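# structure for the following, please:
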Amino acid sequence: MSTSCATLPSSAKLELLGRRKSFSRLHRQRSRCGLSRRGFMFKGIVAAGASAVASTVAAEPTKPKGLEELPFKPEGYNYWTWRDRKIHYVVEGEGLPIVLIHGFGASAFHWRYNIPELAKNFKVYAIHLIGFGWSEKALIEYDALVWRDQVVDFVKEVVKEPAVLVGNRQVLMVFMYSFRL
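Below you'll find the predicted structure:
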């Protein structure tokens, strides 16, 4: 199985791999970009999905230039009780409501740079789905229908008006399939 190298410039590959000879040897392999997943398992390089970064770089994420970040509050932002469970959410701004729904294995704080920008023109809600982030980790059977019901109830009980739902492909597919849109 190979890892895509489209996002890693040749100069970075050479710098990360060290000697040009090593790069040439790896480049002759049959993968599209010439570097196999096994080829990345040396010199502290971590390969995941379609990107490769040095482990020292991955340890400290960089803040995008010119973007405001949602401030961290140790006590959280707002909580809503849903089916006797404590659910965390963020609300910022005024205007047309937008509900940001994180993907699986993520949290509402993945939207930390989007929330302040969107809040300049919209009322932005970012919810932690049950079992994620600062929401309660309930001992229930988790499935897409639970999260769908949670978002529907969140819009009805907290947002209280029609809203734009924003999420990744998997999250929005659940809603499209569930409501047969």
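# and stretch 80-96, what's buried?
80, 82, 87-93 (16 or more other C-beta atoms under 10 Å). For glycine as for every other residue, the C-beta is placed from the backbone atoms N, C-alpha and C.
# quick one: low-confidence ranges for the protein?
Filtered on pLDDT under 70, the chain yields the residue ranges 1-63, 174-181.
# what helix or strand is Pro81 on?
Heads up, residue 81 is Thr, not Pro. strand 78-82 (DSSP states H and E).
# tell me the angle the helix or strand that that strand is followed by makes with strand 78-82.
Later in the chain than strand 78-82, the nearest helix or strand by DSSP H and E is strand 85-92. Going by axes from the mean of the first three to the mean of the last three C-alpha atoms, to 10 degrees, strand 85-92 is angled at 140 degrees with respect to strand 78-82.
# now the helices for this protein?
Remark: helices assigned in the chain by DSSP state H are 10-17, 20-27, 55-59, 114-118, 144-154, 169-179.
# which other helices and strands contact the strand holding Thr81?
strand 85-92, helix 144-154 (3 or more C-beta pairs under 8 Å, 6 or more residues apart in numbering; DSSP states H and E).
# quick revisit: need the buried residues of stretch 80-96 in CSV with distance to Val124, can you?
Formatted as CSV, those follow (distance: C-beta to C-beta, whole Å):
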residue, distance to Val124
Trp80, 16
Trp82, 19
Ile87, 17
His88, 15
Tyr89, 10
Val90, 8
Val91, 7
Glu92, 5
Gly93, 5
